[in-house]
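A.B. asks: Below is the structure, and that's it, no one-letter string:
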């Protein structure tokens with residue numbers, strides 16, 4: 001019975017979709033600095049990613065051995081921000097995360113994660129990202 005209710009709800013569109021739904025969610029390619037954007041334009045985006053740098057798009061956060069897929073995006077009604085549910089993984093480890101994505105300016109996005117930053121590696125999903133005009137995904 002529960003399966004039939006789930007199937008009916010999915011068919012009617014009552015369940016959240018697996019892909020980000022906010023039409024005005026971030027667009028473009030973001031890196032953690034303007035210098036990395038310049039390097040991506042001069043060399044290639046792939047070169048920047050292979051060096052271990054993080055890439056942010058509307059689909060999530062990517063790096064050479066790390067990704068964080070945005071599976072649900074909800075727009076805030078009173079702020080230029082979104083609440084994002086994500087599934088993140090690195091070799092041998094999978095974990096959920098919840099992030100706030102805030103548009104600080106038309107060219108800067110800040111992420112705040114409920115997952116604490118690792119003090120040893122500095123790794124984590126929070127931080128600032130800048131829009132890389134003229135850089136497209138491969």
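C.D. replies: Yep, it's here. No experiment lies behind these values; they were computed from the predicted model shown.
A.B. asks: What spatial separation is found between the residue positioned nearest the centre of the chain and residue 26?
C.D. replies: Most central in the chain under C-alpha atoms, centre = their mean is residue 60, positioned 2.6 Å from the mean C-alpha point. Separation of residue 60 from residue 26 (C-beta to C-beta, to the nearest Å): 11 Å. (Each C-beta comes from the backbone N, C-alpha and C, glycine too.)
A.B. asks: cool, and residue 56?
C.D. replies: 7 Å.
A.B. asks: Point out where this structure drops to low pLDDT.
C.D. replies: 1-23, 118, 121-123 (pLDDT under 70).
A.B. asks: And the helices in it?
C.D. replies: In the chain, the helices defined using DSSP state H lie at 2-11, 34-42, 45-50.
A.B. asks: Against which helices or strands is the last one packed?
C.D. replies: Counting contacts by 3 or more C-beta pairs under 8 Å, 6 or more residues apart in numbering; DSSP states H and E, helix 45-50 is packed against helix 34-42, strand 55-57.
A.B. asks: All the strands of this protein, residue numbers only.
C.D. replies: Along the chain, counting by DSSP state E, strands occupy 30-31, 55-57, 60-63, 66-75, 81-90, 93-105, 108-113, 127-131.
A.B. asks: can those go into CSV with extra columns for distance to residue 44?
C.D. replies: As requested, those are exported to CSV (distance: least, C-beta to C-beta, whole Å):
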stretch, distance to residue 44
strand 30-31, 13
strand 55-57, 12
strand 60-63, 14
strand 66-75, 19
strand 81-90, 23
strand 93-105, 26
strand 108-113, 22
strand 127-131, 18
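A.B. asks: overlap in contacts of residue 56 and residue 26?
C.D. replies: Counting by C-beta atoms under 8 Å, 6 or more residues apart in numbering, the common neighbours of residue 56 and residue 26 are residue 109.
A.B. asks: If you count surrounding residues, which of the two has more?
C.D. replies: More neighbours surround residue 56 than the other of residue 56 and residue 26, with 26 against 21 (other C-beta atoms under 10 Å).
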